[in-house]
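Novice: Generate coordinates for the sequence data below:
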Amino acid sequence: MIRIWVLAARLRTLPAAVAPVLAGTALAGNHGDIDWLAFASALLGALFIQVGTNLSNDYSDARRGADTDDRLGPVRVTAGGLVPPRQVLIATYVSFGLAVLCGVYLIAIAGWELLAIGAASIVAGVLYTGGPRPYGYEGLGEVFVFLFFGLVAVSGSYYVQVQELPWEVFALAVPVGLIAAAILVVNNVRDVDTDRRAGKRTLAVRLGRERARLLYVAMLGGAYLSLAAAVAGLCAWV
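Specialist: Numbering: from 1, shown residues only. Alright, predicted model coming up:
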């Protein structure tokens, strides 16, 4: 049973949640001592939000018929009948609840702004494939991944350490967000045929497989170019 829940959590996606926390915290470390409890809280909170999002997507995609038997990639536990939908939904609530608990310390040291960031991240995770108009079904998944895995996560991880937001934070967030969005492009290119049949109009479905691959290359190229620009700007500023 543990193996099934590990499969449901999609552990391979977790580095995308860890990276922005590491990036934001590392940059904050250049500006002073690191609050390791704040770092641990931000890291665990990001992981629980990611797991909760994965479980929510598993549940919602199964209900909408997007995860069919001919789908490529890892088995989805709800659609595959490995876990009852109600249990997946309860696990989703538990994951998000643990993320909220992790945020209590962050709110205490950095202010109520962190509550808004955490709430927005959870809502974005649920509405990716859930709700009446899931944005993941309208080709907006990459946009939200860029925003929340890049700008929001990096700046939030920095803010809990320093309680300010210099321009370097946002410059660093751009390449992190682009790489995270590129990961989603790869997944959507893989699923383009089954998504199209299920009415899931991801960006890969809208663009077609070849143009989506070009978008992937552009995102990776943009990530490295923006990182180089950020480093050059930082050196000029110093």
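
Novice: contacts, neighbours, all on C-alpha from now
Specialist: Noted.

Novice: which residues touch residue 49?
Specialist: Neighbour list for residue 49: 95-96, 99, 121-122, 125 [criterion: CA atoms under 8 Å, 6 or more residues apart in numbering].

Novice: repeat that for 10 Å
Specialist: 14, 17, 43, 55, 92, 95-100, 118, 121-123, 125-126 (CA atoms under 10 Å, 6 or more residues apart in numbering).

Novice: What helix or strand is it located in?
Specialist: Using DSSP states H and E, the element containing residue 49 is helix 36-64.

Novice: Any stretches of the protein with poor pLDDT?
Specialist: Applying pLDDT under 70 to the chain flags residues 1, 64-75, 77, 79-80, 234-238.

Novice: what's the closest non-adjacent residue to the residue nearest the centre of the chain?
Specialist: What sits nearest the mean C-alpha location of the chain, by CA atoms, centre = their mean, is residue 149, with 4.8 Å. Sequence neighbours aside, residue 177 is the residue nearest to residue 149 in space, at 5.4 Å (criterion: CA to CA, 6 or more residues apart in numbering).

Novice: try residue 206
Specialist: That would be residue 139: by CA to CA, 6+ apart, it lies 7.1 Å from residue 206.

Novice: Does that neighbour touch residue 199 like I think?
Specialist: No: judged on CA atoms under 10 Å, residue 139 makes no contact with residue 199 at a distance of 11.3 Å.

Novice: Can you give me the buried ones in whatever helix or strand residue 185 lives in?
Specialist: Per DSSP H and E: residue 185 is located in helix 167-190. Using 16 or more other CA atoms under 10 Å as the test for burial, helix 167-190 gives 169-186, 188-190.

Novice: Over to stretch 209-219?
Specialist: For stretch 209-219, by 16+ other CA under 10 Å, it's 209, 212-213, 215-216, 219.

Novice: ok, back up a step: immediately after the helix holding residue 49, which helix or strand?
Specialist: Counting by DSSP H and E, what follows helix 36-64 is helix 85-110.

Novice: Could you tell me how far that next one lies from the centre of the chain?
Specialist: 15 Å (CA atoms, centre = their mean, to the nearest Å).

Novice: Go through the buried residues of stretch 209-219 and name the one nearest residue 231.
Specialist: Top of the list for closeness to residue 231, among those and by CA to CA, is residue 219 at 18.2 Å.

Novice: pretty sure that closest one is touching residue 186, no?
Specialist: No: taking contacts as CA under 10 Å, residue 219 lies outside contact range of residue 186: 11.2 Å.

Novice: For the two, list the residues in contact with both.
Specialist: The contact sets of residue 219 and residue 186 overlap at residue 213 (CA under 10 Å, 6+ apart).

Novice: one step back: would you mind extracting the C-alpha trace of the helix holding residue 185 into PDB?
Specialist: This file holds the C-alpha atoms of helix 167-190, laid out as PDB (Å, rounded to 0.1, in the frame of the first residue of the first chain):
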ATOM      1  CA  TRP A 167      15.300  43.000  -7.800                       C
ATOM      2  CA  GLU A 168      17.800  40.200  -7.800                       C
ATOM      3  CA  VAL A 169      15.100  37.900  -6.400                       C
ATOM      4  CA  PHE A 170      12.800  38.300  -9.400                       C
ATOM      5  CA  ALA A 171      15.800  38.000 -11.800                       C
ATOM      6  CA  LEU A 172      16.700  34.700 -10.200                       C
ATOM      7  CA  ALA A 173      13.000  33.500 -10.200                       C
ATOM      8  CA  VAL A 174      12.700  33.800 -14.000                       C
ATOM      9  CA  PRO A 175      15.100  30.900 -15.000                       C
ATOM     10  CA  VAL A 176      13.700  28.800 -12.200                       C
ATOM     11  CA  GLY A 177      10.200  29.300 -13.400                       C
ATOM     12  CA  LEU A 178      11.000  28.700 -17.000                       C
ATOM     13  CA  ILE A 179      12.700  25.400 -16.300                       C
ATOM     14  CA  ALA A 180       9.700  24.300 -14.200                       C
ATOM     15  CA  ALA A 181       7.300  25.300 -17.000                       C
ATOM     16  CA  ALA A 182       9.500  23.400 -19.500                       C
ATOM     17  CA  ILE A 183       9.000  20.200 -17.400                       C
ATOM     18  CA  LEU A 184       5.200  20.600 -17.800                       C
ATOM     19  CA  VAL A 185       5.700  21.100 -21.600                       C
ATOM     20  CA  VAL A 186       7.500  17.700 -21.800                       C
ATOM     21  CA  ASN A 187       4.600  16.000 -19.900                       C
ATOM     22  CA  ASN A 188       2.000  17.600 -22.100                       C
ATOM     23  CA  VAL A 189       3.800  16.600 -25.300                       C
ATOM     24  CA  ARG A 190       3.800  13.000 -24.100                       C
END
